[in-house]
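Asks: take this sequence and fold it.
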Amino acid sequence: DISEVKGMKSPPNPVKLVMEAVCILKGLPPAKVKDPNTGKSLLDYWETSKKMLSDMGFLDSLRAFDKDNIDPAVIVKLQPLLKHSDFQPAKIKKVSQAAFGLCSWVRAMDTYNRVAKVVRPKKAALKEAEATLAVVEAALAEKQAALKEVEARLADLDDQLGEATARKEALQAEVHMCEEKLDRAQKLIGGLGGEKARWTQVAAELAVRHTRLVGDMLMAAGFIAYLGAFSAEYRAAAVSQWTAGIASKGIPCSPSFNFITALGDPVAMRTWAIQGLPKDELSAANGIIVFNSQRWPLCIDP
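Replies: Numbering: from 1, shown residues only. As a prediction, the model looks like this:
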């Protein structure tokens, strides 16, 4: 109870020492009083202490005391009091419970200051280390971002490489297939080289036959229309006469016109032969007449 200390008229020396220490910590100056014995002026903290104790916010000021910024000169000034034989918590507790609490507070402030002297550089070093760490972490984050970008670029290049490799393999397969086709074509051309002369001759013959197509078809039409009922000898004589007559009219025609060659289908004639038709020219010509005639043919069974 602070009022207990404030109510003391003549406090014992341990209490006075405690109150002096509190005043020193709070930066309160001592009051000038006259010494009753000598009449001289003395510096006394008790008068200051009584005023301090009368303050209603005294205890709150102790709780809110700025213990992190105590002036070093105050700590130096406080040391003789802390070392005084009467400034002992056990001794003060016997005199006043309230003074004991204030004594404990003073010693706690001194202890905190001594510990803070050790901790403060470490805190500063920690703060500096944290700042350095923040810079390093920022640099690390930047490098990690750059690494991530490079990895993404590398992955993209890997994808492009995969696509290019696939295209290369596809092109190689296509080249291989083309080489095989070229090889087969060269072999085929080599194998057909002997046919070139024959094909050239056939092409020339077809060109000639094309120029004579009008006359040949005129001969074939006359053959179908008029010669079906006649013998092979008569047909040959008629064809010979017609050929000369057409030539005299300036109509292109094969000089040795052959009815079977002009209209005959080798496959059909082979089928007729398989089915029993005689293979002579007369029978073949009769078959062609039957299949190309526009009217009902008259067939006589010999």
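Asks: for Ala220, give me its contacts.
Replies: Counting by CB atoms under 8 Å, 6 or more residues apart in numbering, Ala220 touches 259, 262-263. Every residue, glycine included, has its C-beta placed from N, CA and C.
Asks: quick one, helices of the stretch 1-150 of the chain?
Replies: Taking DSSP state H, counting those that start in this stretch as the test, the helices found in the stretch 1-150 of the chain are 2-6, 13-26, 45-54, 58-63, 72-83, 89-95, 97-192.
Asks: inside helices: which ones of the contacts of Ala220?
Replies: Cross-referencing the contacts of Ala220 against helices under DSSP state H gives 259, 262-263.
Asks: nearest to Asp60, of those?
Replies: Lowest distance from Asp60 to the ones in helices among the contacts of Ala220 (CB to CB) belongs to Leu263, with 136.0 Å.
Asks: for the closest one, give its distance to Arg270.
Replies: For Leu263, the distance to Arg270 equals 15 Å [CB to CB, to the nearest Å].
Asks: which one of these two has more residues nearby?
Replies: More crowded of Leu263 and Arg270, by other CB atoms under 10 Å: Leu263, with 18 against 11.
Asks: contact partners for the more buried one?
Replies: The contact partners of Leu263, by CB under 8 Å, 6+ apart, come to 220, 288, 292.
Asks: which residues sit in contact with the last one?
Replies: For Asn292, the contact set (CB under 8 Å, 6+ apart) comprises 224, 263.
Asks: equivalent analysis for the second one, please.
Replies: Taking CB under 8 Å, 6+ apart as the contact definition, Ile288 lies against 224, 259-260, 263-264.
Asks: element containing it?
Replies: If you go by DSSP states H and E, Ile288 is part of helix 281-292.
Asks: could you export the contacts of Leu263 as CSV, including pLDDT and distance to Ala152?
Replies: Shown next, in CSV, are the contacts of Leu263 (pLDDT from 0 to 100; distance: CB to CB, whole Å):
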residue, pLDDT, distance to Ala152
Ala220, 91, 82
Ile288, 91, 82
Asn292, 89, 81
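Asks: from those residues, pick the one nearest Gly27.
Replies: Nearest member of the contacts of Leu263 to Gly27, counting by CB to CB, is Asn292, at 142.5 Å.
Asks: any weak-confidence spans in the stretch 201-302 of the chain?
Replies: Residues of the stretch 201-302 of the chain meeting the criterion pLDDT under 70: 302.
Asks: hmm, 80 instead?
Replies: Scanning the stretch 201-302 of the chain for pLDDT under 80 picks out 202, 205, 208-209, 296-302.
Asks: the stretch 1-150 of the chain now?
Replies: In the stretch 1-150 of the chain, residues with pLDDT under 80: 1-4, 6-7, 9, 34-42.
Asks: measure the residue nearest to Asn286 when sequence neighbours are not counted to Ala152 for me?
Replies: Nearest residue to Asn286, sequence neighbours excluded (CB to CB, 6 or more residues apart in numbering): Gly228, at 7.1 Å. Between Gly228 and Ala152 the computed distance is 91 Å (CB to CB).
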